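Colleague: Predicted model and sequence below, questions to follow.
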Amino acid sequence: MASWRALLRSCVRLLRDEGPGAFMKRRQAIFHRGTGLDDVRRQYMRLGPTRVAHEVLHRCRSRLAYFQRLRVRHRRREAKNMMGVIREAERQIEGAPQMAMERIRRALRRRKAQGGNAAMQRVFRRDDPDRGTVSNPLEVPVALGQIGSDQQVRFYGEGVCISAFQAFADCFCAEWPAVRMADSDEQWSLGAALGYKAFKSALHRMRRRKAVGADGLGVDMLLAPGVPEEVLQLYFQGLRCCALQKEFPQAWQRVIYVLLVKPKKDKRLVQQRRDIALMAQGMKVLGQMLLMTAFHDMESRLAEEQLGWTKAMGASEASLLLVLCLQSARRQRRAVYVLYVDLKTFFPAVHRGVATTSELLKGLPASFTDTIGALFGELTGEYDSAHGLGDPFRIYMGV
């Protein structure tokens, strides 16, 4: 259908720029084999260029309309089949939200196919070039699982004393009251945050056309044209029940890492590649719902000294302040010393216990932190390779 739309645009442009006489020339690109437009040209040549141009445009419009009708018919057939799955899932939603969500996922999964990606064909044992390579399809997944476990050692949090941080926070940090809902003055609660309005808003805020996680369901599938409103309502009910019960699908606990090549880095080493985490987008929607309802009040409680992590105050604004300070010092002929500290993997290295203590101190209720802990606390990772997914390894990264 896209090719006929492009042909119609080319014909209209040709008619506008060169007139009807251009349709009498065989050398035009629109008359290639397969379109049948050259047969139309030869059939009406004796009637003049105006008639030829009219019939060529009519042929393009009729074929475009035909394929549009086919697409509408195909969408209706898909919607009918999906409604059958929905009715069956509605009968099982009571007491089994995960099963209903799984049925919806399978129905929507048929609408979109995953694409491939460049993956590693061989790896070093323990990601060490001195230990030799592994290329056997049965050994590569095992080696990737061991590499993943080794990568998580630095996130174990050895030496972290949560009680010492608690004592420091009690002495030097302010304790805030409980946060309020973003759209009212009521105290934040999990049940009020998990509303259908917040669900729809979170869906539209999410980026579309992103790679899906282990469950195979993407946000663009839920928002695709032709998906009935009943699908969204049923999926929301399952999502809400899982959050309230703090029991989530097993696919949400799997994180698939796609290893991309970094410029000027050794692509043979896993640690030298950029690992892109593909997580279930359903858990991202749930996290977005919780964030939307609580961040409005939390934003005002962040210290100004940290210079960032709020709206309209990011890395570019901090850099602008530094540039202005340097220009002022140069103007006044004064020396300025700038210390750059690279906090490598700062967010993943944050200890979960310390982060939870800080969140409670800022006024987040325990129901919020407990839900986030249940959502992200038992994750396992799997590296993708040319021989399939590697063995799973436990993830200990913080936030």
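Modeller: The structure has been received and is ready for your questions.
Colleague: Quick check: the gap between the residue nearest to residue 392 when sequence neighbours are not counted and residue 345.
Modeller: Spatial nearest neighbour of residue 392, excluding adjacent residues (CB to CB, 6 or more residues apart in numbering): residue 380 at 4.2 Å. For the C-beta atoms, the positions are set from N, CA and C on the backbone; glycine is no exception. Residue 380 is 19 Å from residue 345, where distance means CB to CB, to the nearest Å.
Colleague: Which one's more surrounded, these two?
Modeller: The residue with more neighbours, out of residue 380 and residue 345, is residue 380; 16 against 11, by other CB atoms under 10 Å.
Colleague: what is that one paired to in the beta sheet?
Modeller: residue 254, residue 394 (DSSP bridges).
Colleague: burial measure for residue 247, as a count.
Modeller: 11.
Colleague: So the residue nearest to residue 392 is in contact with residue 391, correct?
Modeller: No - counting by CB atoms under 8 Å, residue 380 sits too far from residue 391 to count as a contact (9.7 Å).
Colleague: On the pLDDT front, check the residue nearest to residue 392 for me.
Modeller: Looking at residue 380, its pLDDT reads 93.
Colleague: which residues does it contact?
Modeller: Residue 380 makes contact with 253, 254, 255, 392, 393, 394, 395 under the criterion CB atoms under 8 Å, 6 or more residues apart in numbering.
Colleague: ok, residue 169 to residue 364 distance?
Modeller: 14 Å.
Colleague: Compare the two and say which is more crowded by neighbours.
Modeller: Using other CB under 10 Å as the criterion, residue 169 and residue 364 rank with residue 364 on top: 22 against 17.
Colleague: Just want the phi and psi numbers for that one.
Modeller: Dihedral pair for residue 364: phi -70, psi 130, per degrees, to the nearest 10.
Colleague: correct me, but it touches residue 179?
Modeller: Yes - Residue 364 lies in contact with residue 179 (CB under 8 Å); the separation is 6.1 Å.
Colleague: pLDDT (mean, whole number) over the helix ranked longest in the chain?
Modeller: Longest helix in the chain, counting residues (DSSP state H): helix 49-92. Per-residue pLDDT over helix 49-92 has a mean of 79.
Colleague: Report the distance from it to the chain centre.
Modeller: 29 Å (CA atoms, centre = their mean, to the nearest Å).
Colleague: other SSEs contacting that helix?
Modeller: Contacts defined by 3 or more CB pairs under 8 Å, 6 or more residues apart in numbering; DSSP states H and E place helix 49-92 against helix 2-18, helix 37-43, helix 97-109, helix 229-245.
Colleague: Can you tell me which of those helices is most buried?
Modeller: helix 97-109 (a mean of 20; mean count of other CB atoms under 10 Å).
Colleague: Averaged pLDDT, that helix. What do you get?
Modeller: pLDDT averaged over helix 97-109 gives 64.
Colleague: List of residues touching the helix or strand just after it?
Modeller: Next along the chain after helix 97-109, taking DSSP states H and E as the criterion, comes strand 123-124. By CB under 8 Å, 6+ apart, the residues outside strand 123-124 that reach it are 131, 132, 133, 134, 140, 143, 144, 147, 268, 269, 270, 385.
Colleague: next helix or strand past strand 123-124?
Modeller: Next along the chain from strand 123-124, counting by DSSP H and E, comes strand 133-134.
Colleague: Give the other helices and strands that that following strand contacts.
Modeller: strand 123-124.
Colleague: Show me what the strand it packs on pairs with in its sheet, parallel or antiparallel.
Modeller: strand 133-134 (antiparallel).
Colleague: Residue ranges in the stretch 201-350 of the chain under the pLDDT threshold?
Modeller: Applying pLDDT under 70 to the stretch 201-350 of the chain picks out residues 308-309, 311-312, 344.
Colleague: Phi, psi for residue 271 please.
Modeller: phi -70, psi -10.
Colleague: so who does the closest residue to it other than its chain neighbours touch?
Modeller: The shortest distance from residue 271 to any non-neighbouring residue, by CB to CB, 6+ apart, is to residue 127 (5.6 Å). Residue 127 makes contacts with 147, 150, 269, 270, 271, as judged by CB under 8 Å, 6+ apart.
Colleague: Kindly confirm whether my reading is correct that the first one touches residue 381.
Modeller: Put plainly, it is residue 147. No - using CB under 8 Å, residue 147 is not in contact with residue 381; the gap is 10.6 Å.
Colleague: Not counting sequence-adjacent ones, nearest residue to residue 179?
Modeller: Nearest to residue 179 is residue 297, by CB to CB, 6+ apart, at 4.2 Å.
Colleague: meant to ask about residue 207, not that
Modeller: residue 219 (7.7 Å).
Colleague: list the contacts for that neighbour?
Modeller: So residue 219 contacts 203, 206, 207, 208, 210, 281, 285 (CB under 8 Å, 6+ apart).
Colleague: rerun at 7 Å
Modeller: 203, 206, 208, 281, 285 (CB atoms under 7 Å, 6 or more residues apart in numbering).
Colleague: How much space separates the second one from residue 189?
Modeller: Right, the one you point to is residue 206. 23 Å.
Colleague: about what we covered before: find residues that contact each of residue 364 and residue 179.
Modeller: Counting by CB under 7 Å, 6+ apart, the residues touching both residue 364 and residue 179 are residue 294.
Colleague: quick one on the thing from earlier: tell me the angle of the longest helix of the chain relative to helix 229-245?
Modeller: 40 degrees (axes from the mean of the first three to the mean of the last three CA atoms, to 10 degrees).
Colleague: Please work out how many residues are found near residue 363.
Modeller: Neighbours of residue 363 using other CB under 10 Å come to 19.
Colleague: Test my guess that it contacts residue 176.
Modeller: Yes - using CB atoms under 7 Å, residue 363 is in contact with residue 176, at 3.9 Å.
Colleague: between these two, what contacts are shared?
Modeller: Joint contacts of residue 363 and residue 176 (CB under 7 Å, 6+ apart) are residue 301.
Colleague: now, which of the contacts of residue 380 sits nearest residue 80?
Modeller: residue 254 (32.3 Å; CB to CB).
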